[in-house]
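Q: mind folding the following:
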Amino acid sequence: MHVWASISICLEDGGTCEMYSLNADSKDRAHGESWADYCHRSCSEVRNGFQRLVDKTDFGAEASSWGLQAQSTRCLVFVAYFVTEADLANIAGKPARQ
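A: I've put the predicted structure just below:
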């Protein structure tokens, strides 16, 4: 399990289109990696992945592929998902490291 993020388009009617294919994920926590090191590394990986998405993605074309008008991309949101160490352990089915 890891930290992850995706990009969403906020629509004028209040709805959202979540573009899960445009995501920035971190690598799994390495065996023996401290929680602090994992937090710093995973956040950096997600931030760098997000920057790559912003640099390379034609969001107007992405919106069009969803049947939306290109100007729908006036409101893009980067949605990041974070978990605590205990949550991560629960998801993985392992006890949290002490």
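
Q: element containing the residue nearest to A30 when sequence neighbours are not counted?
A: Counting by Cβ to Cβ, 6 or more residues apart in numbering, the nearest residue to A30 once its immediate chain neighbours are dropped is Y38, at 7.5 Å. From N, CA and C alone the C-beta is placed, and that goes for glycine too. Y38 is part of helix 35-56 when elements are defined by DSSP states H and E.

Q: report the buried residues of that helix.
A: Within helix 35-56, the residues scored as buried using 16 or more other Cβ atoms under 10 Å are Y38, C39, R41, S42, E45, V46, G49, F50, L53.

Q: other SSEs contacting it?
A: Helices and strands touching helix 35-56, by 3 or more Cβ pairs under 8 Å, 6 or more residues apart in numbering; DSSP states H and E, are strand 4-10, strand 16-25.

Q: low pLDDT regions in the protein?
A: Scanning the chain with the threshold set as pLDDT under 70 gives 1-3, 94-98.

Q: repeat that for 50
A: 1 (pLDDT under 50).

Q: looking at the helices and strands packed on helix 35-56, which is closest to N90?
A: strand 4-10 (16.6 Å; Cβ to Cβ).

Q: the closest one pairs with which strands, and in what direction?
A: strand 16-25 (antiparallel), strand 76-81 (antiparallel) (DSSP bridges).

Q: looking at the ones you listed, which is buried most?
A: Most buried of the strands paired with strand 4-10, by mean neighbour count (mean count of other Cβ atoms under 10 Å): strand 16-25, with a mean of 15.
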